[in-house]
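**Student:** next input, structure requested:
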Amino acid sequence: MTASSPAAQPVTVFGGTGFLGRRIVRQLRDAGFAVRIASRHPDRGRSLFPDGYPGIASIRGDVHEEGGVAAALAGSFAVVNAISLYVERGKDTFRSVHVEAAARVARLAAAAGVKRLLHVSGIGADPRSPSPYIRSRGEGEAVVLRGFPSTILIRPSVMFGPDDALLSPLLSMMRRLPVFPLFGRGDTKLQPVYVDDVAEAIARILPLPAPEPIYELAGPQLYTYRSLLRAIGAGVRKQPILFPVPLALWKVIGSIGELLPTPPITRNQVDLLELDNVASIGLAGFGNLQIVPRSLEELLSQISGSHIRAIP
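**Tutor:** Numbers count the residues shown, from 1 in each chain. Model (predicted):
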């Protein structure tokens, strides 16, 4: 069933305190792995997973530092790189995080004798894209495969869940605005995927004896952006008036938003919403892992409730 028994095998997770990463950590721990959260600020991992979470250790491992990455990888059976960046700040640029740091993790994982590397990217990653974010994701996949040729690429669709970057801002706006702006005409197609389903998939892929090289993980329902807003509105008993806003104007709004400590939207999210975000036919996905992904409608009341509690 597995490459080898997961019991006590150490798995290092970079990005283990993030939106997806912390869920990966829980799923791996529940699957019997000994999990190391490697991050620049290990106290964050300890606050998320205090002593009551046996089998999880939070260690220092800055992906920008050669020595820190090497130390975090020492003795690891496997590595999951779940680091993602939406807004560039200081030395954390799309290139430094998605390309240079990813290449560093892959190269040092190979040198350390790590057996398996899972690299989280995204549906639509493209090294030829004019969007800096999307291009860096595609370039990151390429450099990781050069450094660790057997890397397994994990490409989720846009993810949703409590405190996410998709539903939470939309719910906040929908509760406050009688009129709701569309991205362009609202025709972009997307398959939102529940973040916990992605984390479960990663935990199932890790011990497989012969995993597929690429998994595209998308939700069960295909929406246009317009129909997604209507589905969210129906779920919270709101039906705002929808009106188109040119994407060029959204990019200006995203640029301004990036100046805020917690941007409501960024230019790179606008870039993503310009393109269809759906799983490719013929690539492995949830079905290969015997996972039935949950739909947005199934979880909307739960996520909406958590969002209401979070609103001051």
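**Student:** quick check, Pro156 in contact with Val193.
**Tutor:** Yes. Using CB atoms under 8 Å, Pro156 is in contact with Val193, at 5.5 Å. C-betas here are computed from N, CA, C, even on glycine.
**Student:** any residues in contact with both of the two?
**Tutor:** Common neighbours of Pro156 and Val193 (criterion: CB atoms under 8 Å, 6 or more residues apart in numbering): Leu217, Ala218.
**Student:** quick one, which of the two is more surrounded?
**Tutor:** Taking other CB atoms under 10 Å, Pro156 and Val193 do not tie; Val193 has more neighbours (30 against 27).
**Student:** next one: phi and psi at the more buried one?
**Tutor:** Main-chain dihedrals, Val193, degrees, to the nearest 10: phi -120, psi 140.
**Student:** how about Pro293?
**Tutor:** phi -70, psi 150.
**Student:** what's around it, how many residues?
**Tutor:** 23.
**Student:** nearest residue to it other than its sequence neighbours?
**Tutor:** Closest residue in space to Pro293, ignoring its immediate chain neighbours: Asp197 at 4.6 Å, by CB to CB, 6 or more residues apart in numbering.
**Student:** secondary structure element holding the one you found?
**Tutor:** helix 195-205 (DSSP states H and E).
**Student:** mind exporting the helix or strand just after that helix as PDB, just the C-alpha atoms?
**Tutor:** Using DSSP H and E, the next helix or strand after helix 195-205 towards the C-terminus is strand 214-217. Extracted in PDB, the C-alpha atoms of strand 214-217 (Å, rounded to 0.1, in the frame of the first residue of the first chain):
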ATOM      1  CA  ILE A 214       1.100  15.700 -11.400                       C
ATOM      2  CA  TYR A 215      -2.200  16.000  -9.500                       C
ATOM      3  CA  GLU A 216      -4.700  18.800 -10.300                       C
ATOM      4  CA  LEU A 217      -7.100  19.200  -7.500                       C
END
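**Student:** the helices in the protein, which residues?
**Tutor:** 21-30, 42-48, 66-73, 94, 102-111, 132-147, 167-176, 195-205, 225-235, 247-257, 267-274, 296-310 (DSSP state H).
**Student:** of these, which is nearest Ala57?
**Tutor:** Checking those against Ala57 by CB to CB gives helix 42-48 as the closest, at 8.2 Å.
**Student:** can you list contacts of that closest one?
**Tutor:** Outside helix 42-48, the residues that touch it by CB under 8 Å, 6+ apart are Gly16, Thr17, Arg22, Val25, Ile37, Ser39, Ile56, Ser58, Ile59, Arg60.
**Student:** alright, I will stop here.
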